[in-house]
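[1] Give me a 3D structure for the following:
(5 chains, ligands or ions: 4)
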Amino acid sequence: MSRTPARAVDRCPCPLPAAAMLTLLFDGIAYGMLLFILALGLAVTMGLMHFVNLAHGAFAMAGGYITVLLMQRLDVPFLVCLPLAFAGPALLGGVLERTLYRPLYRKPHLDQVLFSIGLVFIAVAGADYFAGSTQQIMQLPEWLKGRTEWGSGAFMLGMGHYRLFIIALCAALTVGLQYLLARTRWGSRLRAAVDDQRVAAGLGIDVNLVFLSTFAIGSGLAGLGGALGAEMLGLDPSFPLKFMIHFLIVVAVGGTSSITGPLLAALLLGIADVAGKYYIPKLGAFIVYSLMIVILLWRPQGLFVRQGGRK
Amino acid sequence: MTQTAAQPPTVLATRGLGKRFGGISATCDVTLELKKGARHALIGPNGAGKTTLINLLTGVLAPSEGTIVLDGQDITRLAPHQRVRRGMVRTFQINQLFDSLTPQETLALAVAQQQGLGGQWWRPLGARRAVMQRCEQLLEQFQLTSVMAQETRVLAYGKRRLLEIALALACAPRVLLLDEPVAGVPAGEREELLQTVAALPADVSVLLIEHDMDLVFRFASRMTVLVNGAVLTEGDPDSIARDPRVQAVYLGAAEQESAHA
Amino acid sequence: QDKPFKIGLILPMTGQQATTGRQIEAAAKLYMAQNGDTVAGRKVQLLVRDDTSLPDMTRRLAQELVVNDKVNVLAGMGITPSALATAPLATQSKTPLVVMSAATSSITEASPYVVRTSFTLPQVSVPLADWASGNGIKKVVTLVSDYGPGIDAEKYFSQRLSANGGQVTEALRVPLRSPDFAPFLQKVRDAKPDALFVFVPSGASAAVMKQFLERGLGKAGIRLIATGDVTEDDQLNAMGDGALGVVTSHHYSAAHPSPLNKQFVQAFEQANKGLRPNFMAVGGYDGMRVIYEALKTTRGVGDGDALLAAMKGQVFESPRGPVSIDAQTRDIVQNVYLRKVERVDGQLYNVEFDVIEGVKDPGKSR
Amino acid sequence: MEPRTPLSRERRWRWWEPVFWLLALAAPLVLPGQALIINTMAITALFALSLDLILGYAGIVSLGHAAFFGLGGYAAALFAKHVMPDPLVGLVVGMGAATLLGAVASLTILRGTDLTRLMVTLGVGLVLLELANRFDALTGGADGLQGVVLGPVLGRFEFDLSGRTAAWYSLSLLLLFFLLARRIVQSPFGATLKAIRDNRLRAMAIGIPVTLRLAQVYTLAAALAGAAGALHTQTTGFASLDLFEFHRSADVLLILVIGGVGWLYGGILGAAGLMLLQDRISSVTPQYWMFWIGLFLVLLVLIGRDRLLRPWTWFEGRNA
Amino acid sequence: MPELLRIEGLSAGYGQAVVLQDIALTLPEGQTLALLGRNGAGKTTLIDTLAGATRQHAGTIHLGGVALHPLPAHQRAAAGIGWVPQERNIFASLTVHENLTAVARPARASAGTGEAAGTDAIAPARPRPWTPERVYDMFPRLAERKTHLGTQLSGGEQQMLAVGRALVLNPRLLLLDEPLEGLAPIIVQELLRAIRRITREEGLSAIIVEQHPQAILAISDHAAVLDRGRIVHTGSAATLRQQPGLLDGWLGVTR
Ligand SMILES: Nc1ncnc2c1ncn2[C@@H]1O[C@H](COP(=O)(O)OP(=O)(O)OP(=O)(O)O)[C@@H](O)[C@H]1O
Ligand SMILES: Nc1ncnc2c1ncn2[C@@H]1O[C@H](COP(=O)(O)OP(=O)(O)OP(=O)(O)O)[C@@H](O)[C@H]1O
Ligand SMILES: [Mg+2]
Ligand SMILES: [Mg+2]
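    Numbering: from 1, shown residues only, chains lettered A, B, ... in the order given. Ligands and ions are numbered 1, 2, ... in the order given. A predicted model of the protein is given here:
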């Protein structure tokens, strides 16, 4: 049976392992960067605020839809959409934080799971109602559509301009955030507020403001990630459910004590995923999941935890 | 041979015990002996490594070096629960309780575990007479009967502290390690609490950590002073109180008087 | 009889396959609106259920529809596993099961009560292989989703291609849950075939198209040929000009130039806020027709075996062209068109340029 | 804060418990049209019960419980298809397979934070899914395993189209495993689990072998989940990859949390409640039922489970 | 000496429960008040109420003329309250250093920060503002543990950190709730001396709660005794110290 494909595969001069190594690496990095931006807000709410916000993907989806619909219906340029994709979900996140999320900080994690899954369901049905269940397809501006190729043979490096754009933007964001965390006291004040709200307030930390701003920034980042990812990951109402696992993996593997952790985790996973699919397509997502299990068994706190007092 | 009658045998001993956290030696080269039936106090400045030492003895932390010997057997590598099975039990400086269980459940569970029933699943816990009797006794002794059916998390601090100590006794210790057992207990009631401990059977050895010198000097028949993770000196209360080094690093000037008061 | 005639329509209405459900539901409702809801004196009632693409859920819903609601016909079936899970139940309860979407060849063999009005992948991939051989395409890489329909497509396409003297140099199977096609397409690019043959289920198609362009496969001289799922009618416009010139084979295009189709497309768009019908819609539309006609033939009796007999052998004009239900296999026999994406009146359409008439499912003609 | 039942009285049955079970067992007879959904509910309830043993009583969060459900399901289905069609033997085989996997997988949940465990269990479930997909010759891959035909239960009761036999079969096993679980959580073994859940450090300090207990209860829960999976494939005559899917683990977690964690009836009530709700809403609005379920979850958390699920407390004054 | 703190008609508690009733107290700038009372008398509740961490039902609190009672907790810290809570409440996921820097604020005299306008007029110039470095000078032990997480400290070290953390707020009024608990005797003496020095030399005021009355009466100027949520005695610390019998009446058995 099926003699031809089997034979054909056997005869195929095994895909030169190095054939596209650089290109693959590049693709993996771009994919990883995207995962990173998408997961970053979750790393903050879950890692720093200890709030299990599974609705994170819904904010990302909001950013994606804002961008796609603005571009499709109102012809707003892509670059103008991006800040809006940040601002919209950030505002939404801020409003929801004030109204719904705040009373939940002190509830058990399982209640938070229930609540945020509920929000996801609402968001999924809502997106379906307002934008339809079809895949939204985004038309990138011309200058992002091209592709640059260098070298040839084993060392050819092909870079899609859009992926290049993602890498550059995400790198800039990472540097900016790192600055925010390292140079401002915001990070430690946030963690202090999470550790003990009552005492933190008594020592002069405006807990509500810290939480509000953190949550809004996290949601905004998710929205931005959603806008950037709509092109590569596709965008339909099931987005928040479909990618929840990916965000969680990044956060769990990266640990939550810094932003370098999730960044490296996202890059690792992005590259492993792309390379895995290239070299062993049969095993699909197997590689990523196994990698995650192995890493977590080896370092149960995540790859890059801060070992307080060890240095 | 002849000495055994005069001097009780050693139950617990450490040899060259050390623990490093990164660059810091929290415990270094501690050699300590606890005799059978001893009422032994461990004192030392804050951060001297007293709690760390207890954590090493009970297996919460693994030592960087050295050995721990219980009843002549090396237990350095045993898991915490195995040490409890051999009779070494502790309390915690900060309460460690089962918040969603009631005092009754907490104690019954500990007694059942101590009687080797912890793995049984076919008979309800409350149906075991031997367990429930011992449990009632403990509740009575620590004045917890009135709150025995309330969740531990809602109990007043004082009751929680009592439960912390009752829980240790429920494990039928032969060696009891107490880490600041009366912290947070009002001055008036501290004495009473320690009395309960002092009244344990004569073959139970007790190691007490406490900063309230009034109590310590009244309770202990032997004392070890720990400084910077190492043993500074060991001796009977009088000699410790008079030791100028101990005064310099720990007691200060005022306490010296009160020790003799 | 005054009892209503009930049709249990089980479809994925939420989740990733939701579009399938929406198209079919809309088409079925359109058919009922156009043809009235009373047939042979019986009121026809449509019970729509969402199975969220879970086969065991499909099966339970079907069983409930049969046992509790006493439906006369089961219909729908968004994906192959759902159809396969429900088939034994159709046999057991002697209820005709009209498959309107699922397209693995073997489904009709799973129960003698299955009738299909969609298509099968062998049906559309074999003509495409013929076309490829006739147009100078020798070396092909296939890329299919790793499940029943995909494997069917891969198998029949490559068999026919090699029979014609061509060669499939690499057969790639993409896991169903795969967010990123980039590595697979990179592999295609490195293999440098004459053409890439693609089958992916609706929903994933846009991503493949875009990645194909972004990766510069077209510029590297690799042609994209595919089953019609990839240039799905309702998504085509959004894919943009990059899709121009892609050759696909399928049984239906919204641009099919028959008067019946024009009427169908117009009515459908009108009823659904401008949504363009795709091949699933036509599967649902024809499915309803098959049921209506069977009910008419049996004069409203609604007995399972009688209905089934009346479905077999139906010949009629569908918006897609002339079709018939093969009395032996209960599978649809239809024209398969070769189409190319072109711009018509400012919109993108799959414009038919060749037709192979009366194609039976090659999966059964062994 | 009202005091809890003292230990000595804890094991007595409350008056409503026998009533509940009698009603449950009578349900397929009284509501013959609902037998199918009752069957599904009973299976889901058993699945949730199994999750409750590790989550509610031992504090292990898992998003990969479907691994055992799926393995039990596939093992039972394959056994019926290739070896013998007797359901009870198949059930034992399914449970056996899940138990083995549980024992091995229990090594992965001993360390780390809740998040780590969540992700590791999730990963194990997904890896199993990929494996089942990979070995499609055995499992049927993405198309599912067809042709599973079961013999009559106890050699007498055929599985019928209306699903009544199936419902009774599942309900009786649910009752059986419930009684077992009830015994276990009231025993010293169960008490040590709760202790570990509340404070692992202290549990060790009173001599409880923590890792052993965790491994034991995880394996036990795996066995019960395997039983639920076996019942599922046996009563539907079909196994497909989504037995292993993430959403199945997530759903059962939701169900358990809705019903109440650490309470054996929680999973049962949650399963009945949520499935009924979903079934009813989705037959009214197949497109947007998710919205209503979502709204329900949000309100449930905001208003509070106790107050929402026990309407009689709405009118009582709050007692301090 | 100018008055710093004035409490009038204060009643406060938790949720619906009222613990404190009709409290009135004043404290001059640069002086120390010993707050005594039995277990559960409401000492912690009073301290926490000043810090804004309880539910206040009635009454007014003024600090240097500024009304504190309408302010939320975090603004009270800005207005000059430095709080050492009874259970220390070290921020567990912050290092020792971060515990200090996260809350530190510049000294009030030097910075013209908008908050609490008008207080500067009566604030005497401070010799040296409290910075993390100065805290490390006072507790060298903490300097060695700079990068440790809060939870990795010994019980006594946590207590030191809690005091230091309140000082880097550069407060005008220090609230110390059982600051000596769990400290070695020698540290107790040192800390008492330090508190005395800070209040005397730097014009800082303090309210101290302690289980051992003799220890703090020795370094306090005033004393107040709480019983069942009400103030039953106020007076000079020295007087009370000389009349142990009086104290026994209020506090029960003490030695
Ligand atoms: N997990 C840890 N990581 C790093 N350092 C630690 C850890 N646990 C304890 N230490 C350090 O070890 C030293 C000894 O601490 P330990 O708790 O044993 O002191 P102690 O003698 O009990 O003091 P106290 O009387 O204040 O309770 C302290 O300096 C502490 O900071
Ligand atoms: N969070 C709370 N909720 C309700 N009541 C409380 C709470 N905290 C304390 N109380 C009650 O308030 C009263 C006063 O408690 P408070 O802690 O102020 O006493 P205290 O004088 O500080 O005692 P201690 O010497 O034990 O520290 C007590 O009766 C106590 O039960
Ligand atoms: Mg200590
Ligand atoms: Mg107090």
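[2] What mean pLDDT does stretch C:321-341 get?
    With pLDDT averaged residue by residue, stretch C:321-341 scores 89.
[3] Against which helices or strands is the lowest-mean-pLDDT helix or strand in chain C packed?
    Among the helical and strand segments of chain C, the one scoring lowest on mean pLDDT, DSSP states H and E is helix C:233-239, with a mean of 78. Of the remaining helices and strands, those touching helix C:233-239 by 3 or more C-beta pairs under 8 Å, 6 or more residues apart in numbering or on different chains; DSSP states H and E are helix C:205-214, strand C:347-359. (Glycine included, C-beta is placed from N, CA and C.)
[4] who wins for proximity to chain E among these?
    Distance to chain E, taken as C-beta to the nearest C-beta, is lowest for helix C:205-214 among the helices and strands packed on helix C:233-239, at 40.7 Å.
[5] now check that closest one, is it near chain A?
    Yes - in this structure, helix C:205-214 sits against chain A according to C-beta under 8 Å from any C-beta of the partner chain; the contacting residues are C:Ala206, C:Ala207, C:Lys210, C:Leu213, C:Glu214.
[6] Also stretch E:195-211?
    No - using C-beta under 8 Å from any C-beta, stretch E:195-211 stays clear of chain A, with a minimum separation of 14.2 Å.
[7] Can you pull the poorly scored residue ranges out of chain D?
    Judged against pLDDT under 70, the low-scoring parts of chain D cover residues D:1-4, D:8-11, D:306-320.
[8] again with chain C
    By pLDDT under 70, the low-scoring segments of chain C are C:1, C:177-180, C:365-366.
[9] What's the nearest residue in it when you look at chain B?
    For chain C, the nearest residue to chain B under the criterion C-beta to the nearest C-beta is C:Asp56, separated by 33.0 Å.
[10] buried stuff in stretch C:155-175?
    Residues C:155-162, C:166-175 are the ones in stretch C:155-175 that count as buried (16 or more other C-beta atoms under 10 Å in any protein chain shown).
[11] Keep those residues, but drop any that are not near chain A.
    The subset of the buried residues of stretch C:155-175 within reach of chain A, by C-beta under 8 Å from any C-beta, is C:155, C:158-159, C:161-162, C:167-175.
[12] Throw those into a markdown table and include secondary structure, thanks.
    Formatted as a markdown table, these follow (DSSP: H, G, I helix; E, B strand; the rest coil):
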| residue | secondary structure |
| --- | --- |
| C:Lys155 | helix |
| C:Ser158 | helix |
| C:Gln159 | helix |
| C:Leu161 | helix |
| C:Ser162 | helix |
| C:Gln167 | strand |
| C:Val168 | strand |
| C:Thr169 | strand |
| C:Glu170 | strand |
| C:Ala171 | strand |
| C:Leu172 | strand |
| C:Arg173 | strand |
| C:Val174 | strand |
| C:Pro175 | coil |
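[13] where exactly do the helices run in the stretch 201-311 of chain A?
    Assigned by DSSP state H, counting those that start in this stretch, the helices in the stretch 201-311 of chain A fall at A:207-233, A:239-242, A:244-254, A:260-279, A:286-298.
[14] Wait, a strand at D:Ala272?
    No - the assignment for D:Ala272, made by three-state DSSP, is helix rather than a strand.
[15] Please, which helix or strand holds the spatially closest residue to it that is not a sequence neighbour?
    When the adjacent residues along the chain are set aside, D:Ala272 lies closest to D:Met41, with 5.1 Å between them (C-beta to C-beta, 6 or more residues apart in numbering or on different chains). For D:Met41, the element it lies in under DSSP states H and E is helix D:35-55.
[16] Comparing the helices and strands packed on helix C:233-239, which comes out most buried?
    A comparison of the helices and strands packed on helix C:233-239 by mean neighbour count, using mean count of other C-beta atoms under 10 Å in any protein chain shown, puts helix C:205-214 on top with a mean of 24.
[17] could you give the angle of the helix or strand following that helix to helix C:205-214?
    Scanning forward in sequence from helix C:205-214, with DSSP H and E defining helices and strands, the next element found is strand C:223-227. Here the directions of strand C:223-227 and helix C:205-214 differ by 170 degrees (axes from the mean of the first three to the mean of the last three C-alpha atoms, to 10 degrees).
[18] okay, strand C:223-227 in PDB with CA atoms only?
    In PDB, the C-alpha atoms belonging to strand C:223-227 read as follows (Å, rounded to 0.1, in the frame of the first residue of the first chain):
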ATOM      1  CA  ARG C 223       3.900  26.400  -7.500                       C
ATOM      2  CA  LEU C 224       1.200  26.000  -4.900                       C
ATOM      3  CA  ILE C 225      -1.500  23.500  -5.800                       C
ATOM      4  CA  ALA C 226      -4.100  22.500  -3.400                       C
ATOM      5  CA  THR C 227      -7.500  21.100  -2.700                       C
END
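[19] Mind listing residues that contact it?
    Contact with strand C:223-227 is made by C:121, C:124-125, C:128, C:131-132, C:137, C:140, C:153, C:194-199, C:209, C:212, C:217-218, C:230, C:246-250, as judged by C-beta atoms under 8 Å, 6 or more residues apart in numbering or on different chains.
[20] Near chain C, which residues of chain D? Just list them.
    D:33-37, D:40, D:130, D:133, D:141-144, D:146-147, D:161-163, D:232, D:236-238, D:240-243, D:282-283, D:286-287, D:289-290.
[21] any idea how far C:Gly8 lies from ligand 3?
    When C-beta to the ion, to the nearest Å is applied, the distance between C:Gly8 and ligand 3 equals 70 Å.
[22] from memory that residue sits against C:Val66, does it?
    Yes - with the criterion set as C-beta atoms under 8 Å, C:Gly8 and C:Val66 qualify as a contacting pair; they are 7.4 Å apart.
[23] what sits in contact with each of the two?
    Overlap of the contact sets of C:Gly8 and C:Val66 (by C-beta under 8 Å, 6+ apart) consists of C:Leu74.
[24] low-scoring stretches of the chain, by residue?
    Looking at chain A here, since you left the chain open. A:1-20, A:152-155, A:182, A:256-257, A:281-284, A:304-311.
[25] You answered for a different chain; I wanted chain B.
    Counting by pLDDT under 70, chain B has low-confidence residues at B:1-6, B:186-188, B:253-261.
[26] Tell me where it has strands.
    Using DSSP state E, the strands assigned to chain B run over residues B:10-21, B:24-35, B:39-43, B:65-70, B:73-74, B:88-90, B:175-179, B:205-209, B:222-227, B:230-235.
[27] ok so, going back, please list only the buried members of the residues of chain D next to chain C.
    When those are checked for burial by 16+ other C-beta under 10 Å, the buried set is D:34-37, D:40, D:130, D:133, D:141-144, D:146, D:161-163, D:232, D:236-238, D:240-243, D:282-283, D:286-287, D:289-290.
[28] List buried members of the contacts of strand C:223-227 by neighbour count.
    When those are checked for burial by 16+ other C-beta under 10 Å, the buried set is C:121, C:124-125, C:128, C:131-132, C:137, C:140, C:153, C:194-199, C:209, C:212, C:217, C:230, C:246-250.
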